[in-house]
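Student: Sequence plus the predicted model coming up.
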Amino acid sequence: MIVQEQLPMVAVPSMNDTHLEEMIIVNRLESAARSGDIQSVEKILQEFHEHSIEHFTSEETLMKESGFPAFHVHKAEHDRHLHELEALRKYFDTNRDTKAIVAYLDGNLVKWIIHHIQTMDTVSAMHIQTHLNS
């Protein structure tokens, strides 16, 4: 589980709101997976995938509008994460393995989210805040 205090805050409030929404979805996914609730995992995985697409599209729009110089590097990381998430969904659709979801969350996703916010999102948000609100 991700607790709100683990989420770094960035300079753009809407990004913080989106990260909080993401944390809530991930926590729901973890809870469903740990309890072996296959139907809920399937539904929440779909919701997480859709939220991630919207999340990244919104950030990428802000980065483009502000002329963020490392846009392509940041977008490539978003794309990599989405491909990973799509592979996880396909695996789950085939195998219905809730333990694999827990392993992914514990072993990769939670650490990635926090690291991504601490590094790429923090830098992007500072640039966006400076260039779109001046």
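Tutor: Cool, the structure landed. Residues are numbered from 1 along each chain as shown.
Student: which residues sit in contact with E42?
Tutor: The contact partners of E42, taken as Cβ atoms under 8 Å, 6 or more residues apart in numbering, are F92, D93. (C-beta placed from N, C-alpha, C; glycine too.)
Student: Okay, buried residues for the helix or strand containing it please.
Tutor: According to DSSP states H and E, E42 maps onto helix 38-66. Neighbour counts using 16 or more other Cβ atoms under 10 Å place 40-42, 44-45, 48-49, 51-52, 55-56, 59-60, 62-63, 66 of helix 38-66 among the buried residues.
Student: which stretches of the chain form helices?
Tutor: In the chain, the segments counted as helices under DSSP state H are 13-34, 38-66, 71-95, 98-104, 110-116, 122-132.
Student: Apart from its neighbours in sequence, what residue is nearest I117?
Tutor: Leaving aside its chain neighbours, I117 sits nearest to P8 (4.8 Å; criterion: Cβ to Cβ, 6 or more residues apart in numbering).
Student: any idea how far that neighbour is from M63?
Tutor: Distance of P8 to M63, computed by Cβ to Cβ, to the nearest Å: 18 Å.
Student: What of I117?
Tutor: 15 Å.
Student: ditto for Y104
Tutor: Computed as Cβ to Cβ, the Y104 to M63 distance reads 27 Å.
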